[in-house]
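Student: Okay, structure incoming, though there's no sequence with it:
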Ligand SMILES: [Zn+2]
């Protein structure tokens with residue numbers, strides 16, 4: 001028997017409600033008719049792309065992985081760096097376990113893997129300070145094997161002013177799958193998520209993005225067939241979170257500045273902070289300069305509680321660090337987590353107005369977003385087909401933490417002490 005291969009495609013922000021339309025398309029339809037899945041996967045708080053994708057490759061909660069936000073904590077920067085580098089991840093990944101077992105590995109545009117030890121690694125990364133030449137940053141962060149493919153396909157990379165990776169990622173994946181067919185391949189596309197952010201949760205732009213993803217699925221399957229691996233490859237489509245419509249942008253840092261907790265120079269540039277809201281989009285992570293200072297802690301807590309009393313700020317709940325850990329297995333260097341009422345997005349700004357509404361002229365936020373509690377709104381999904389999966393078995397519910405143990409079972413990898421479970425209901429027993 002040939003050794004099993006695994007291909008995992010993350011379709012960012014794909015949700016249950018998409019499946020009726022997706023199932024009618026030839027690519028999604030082939031996976032769904034020949035396979036099985038989970039209709040609603042419970043994601044994690046905050047529902048952000050980078051922390052969730054790290055959970056999907058480690059099987060661990062955010063309090064253990066060390067990745068609790070998309071963005072690095074860089075107070076005062078309106079556009080902080082993202083957590084690209086694999087050094088942000090504090091726990092082993094499936095790629096580490098696969099390598100130990102001698103399996104070959106591939107990751108294309110999978111978040112938080114820049115610099116990871118993966119045979120063909122072309123990570124999602126950009127440099128806000130240096131848009132001249134993507135070769136510079138990619139030579140540094142690709143694996144040597146990945147960089148050879150990067151050079152071959154770099155003309156398909158949309159780079160400046162905002163990177164567009166999807167078509168580039170699919171070209172890389174087609175080439176690598178057809179010619180190398182690694183044992184374990186993970187790739188990530190963002191078209192559906194981007195359409196939702198800019199156009200709304202359910203609209204023609206999102207349906208267009210689903211059709212585009214469908215064409216990519218067909219190309220990936222053709223590449224797997226061309227490699228002669230169709231019969232012994234498990235193909236999985238997963239997603240990370242849903243979206244909610246945004247009803248207001250709340251810039252807590254404006255209030256912190258007004259209260260003397262953030263100081264600025266004459267140009268409004270931040271010079272120091274004692275409290276800072278690190279945006280997680282639909283929630284905020286409140287950093288204290290000196291978390292051990294009881295007077296500062298009390299001041300900020302009371303301020304947040306007072307703001308919560310005023311409806312116009314749209315604050316639903318304030319969690320202490322201990323509550324965030326207990327209720328969401330979420331931890332980080334923050335002292336509080338602030339959750340908005342449905343649709344309150346937290347901005348970074350420390351100047352201007354604290355509350356900006358979508359109808360306002362200076363509203364510059366996207367119209368839909370995430371970072372909310374995972375119980376709310378549309379839910380992500382898991383679709384699976386291949387020699388190890390049953391046909392037409394659909395679980396109503398699963399947990400994002402169940403994905404990694406299931407992937408590990410397919411590859412016969414032993415990863416101890418995982419909090420999730422193998423989705424055994426979806427799997428064929430050996431010899432069945
Ligand atoms: Zn995402």
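Tutor: All right, it came through fine. Note that the structure is a prediction, hence the values are computed from the model and not measured. Residues are numbered from 1 along each chain as shown.

Student: Enumerate every residue touching the residue of the chain found nearest the ion.
Tutor: Here the chain gets closest to the ion at one residue, residue 49, 3.1 Å apart by Cβ to the ion. Heads up, the C-betas are built off the backbone N, CA and C, glycines and all. Neighbour list for residue 49: 12, 70, 111, 193, 240-241 [criterion: Cβ atoms under 8 Å, 6 or more residues apart in numbering].

Student: which residues of the stretch 101-250 of the chain fall in strands?
Tutor: Assigned by DSSP state E, counting those that start in this stretch, the stretch 101-250 of the chain shows strands spanning 105-108, 120-122, 184-189, 233-238, 244-245, 248-250.

Student: for the ones you listed, which one sits closest to residue 387?
Tutor: For the strands of the stretch 101-250 of the chain, proximity to residue 387 was assessed by Cβ to Cβ; strand 233-238 is nearest, at 6.7 Å.

Student: Now do that closest one: distance to the chain's middle.
Tutor: Distance of strand 233-238 from the chain centroid (Cα atoms, centre = their mean, to the nearest Å) equals 18 Å.

Student: is it true that residue 345 touches residue 249?
Tutor: Yes: using Cβ atoms under 8 Å, residue 345 is in contact with residue 249, at 5.2 Å.

Student: Next, show the common contact partners of those two.
Tutor: Common neighbours of residue 345 and residue 249 (criterion: Cβ under 8 Å, 6+ apart): residue 365.

Student: Between the two, point out the one with more neighbours.
Tutor: Neighbour tally, residue 345 and residue 249, criterion other Cβ atoms under 10 Å: the higher count belongs to residue 345, 29 against 26.

Student: Give me the phi and psi for the more buried one.
Tutor: Backbone torsions for residue 345, taken as degrees, to the nearest 10, come to phi -100, psi 140.

Student: Next, the contact list for it, please.
Tutor: If you count contacts by Cβ under 8 Å, 6+ apart, then residue 345 has 246, 248-250, 279, 281-282, 365, 369, 371 around it.

Student: about what we covered before: between the strands of the stretch 101-250 of the chain, which one is nearest to residue 18?
Tutor: strand 233-238 (10.8 Å).

Student: Can you confirm whether that closest one lies near the ion?
Tutor: No: shown here: strand 233-238 not in contact with the ion (Cβ under 5 Å from the ion), separated by at least 11.0 Å.

Student: can you list the residues of the stretch 101-250 of the chain near the ion?
Tutor: So the stretch 101-250 of the chain meets the ion at 193, 240 (Cβ under 5 Å from the ion).

Student: Okay, helices next: where are they in the stretch 101-250 of the chain?
Tutor: For the stretch 101-250 of the chain, applying DSSP state H, counting those that start in this stretch gives helices covering 134-141, 144-153, 166-179, 191-199, 204-226.

Student: can you redo those helices as CSV with mean pLDDT and mean neighbour count?
Tutor: Output for those, formatted as CSV (pLDDT from 0 to 100; neighbours: other Cβ atoms under 10 Å):
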stretch, mean pLDDT, mean neighbour count
helix 134-141, 92, 16
helix 144-153, 98, 17
helix 166-179, 97, 21
helix 191-199, 97, 21
helix 204-226, 98, 18
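
Student: what would those helices look like in a markdown table with distance to residue 399?
Tutor: What follows is these, written out as a markdown table (distance: least, Cβ to Cβ, whole Å):
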| stretch | distance to residue 399 |
| --- | --- |
| helix 134-141 | 31 |
| helix 144-153 | 31 |
| helix 166-179 | 27 |
| helix 191-199 | 21 |
| helix 204-226 | 24 |
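
Student: circling back: what's the separation between the residue of the chain closest to the ion and residue 396?
Tutor: Using Cβ to Cβ, to the nearest Å, we find residue 49 at a distance of 25 Å from residue 396.

Student: Just the buried ones from the contacts of residue 345, in ChimeraX syntax?
Tutor: To isolate the buried members of those in ChimeraX, using 16 or more other Cβ atoms under 10 Å:
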select :246,248,249,250,279,281,282,365,369,371
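
Student: okay, who's weakest in the contacts of residue 345 by pLDDT?
Tutor: The member of the contacts of residue 345 with the lowest pLDDT is residue 365, at 89.

Student: Just confirm that residue contacts residue 356, I think it does.
Tutor: Yes: taking contacts as Cβ under 8 Å, residue 365 lies within contact range of residue 356: 7.4 Å.

Student: Find the residues that touch each one of the two.
Tutor: Shared contacts of residue 365 and residue 356 (Cβ under 8 Å, 6+ apart): 249, 347.

Student: before we move on, what SS does the residue lying farthest from the centre of the chain have?
Tutor: Distance from the C-alpha centroid of the chain peaks at residue 266, with 37.6 Å (Cα atoms, centre = their mean). The three-state assignment at residue 266 reads coil, by DSSP: H, G, I helix; E, B strand; the rest coil.

Student: Got phi/psi on it?
Tutor: Torsion angles, degrees, to the nearest 10, at residue 266: phi -60, psi -20.

Student: what's residue 164 in contact with, if anything?
Tutor: Residues in contact with residue 164 (Cβ under 8 Å, 6+ apart) are 157-158.

Student: Who does it form a beta bridge with?
Tutor: Beta-bridge pairing for residue 164 (DSSP bridges): residue 158.

Student: Relative to residue 157, how far out is it?
Tutor: From residue 164 across to residue 157, the span is 8 Å (Cβ to Cβ).

Student: where do the contact lists of the two overlap?
Tutor: Common neighbours of residue 164 and residue 157 (criterion: Cβ under 8 Å, 6+ apart): none identified.

Student: Run through this protein and note the low-pLDDT ranges.
Tutor: 1-2, 430-432 (pLDDT under 70).

Student: and it, what are its domains?
Tutor: 5-244+376-426, 247-365 (automatic domain parsing).

Student: now, of those, which is deepest in the fold?
Tutor: Of all these, domain 5-244+376-426 has the most neighbours on average by mean count of other Cβ atoms under 10 Å, namely a mean of 20.

Student: need the strands for the stretch 251-400 of the chain, in chain order.
Tutor: Using DSSP E, counting those that start in this stretch, strands in the stretch 251-400 of the chain cover 262-264, 270-273, 275-279, 283-288, 315-320, 336-340, 344-346, 355-356, 368-369, 382-385, 394-399.

Student: nearest residue to residue 390 other than its sequence neighbours?
Tutor: residue 36 (5.1 Å; Cβ to Cβ, 6 or more residues apart in numbering).
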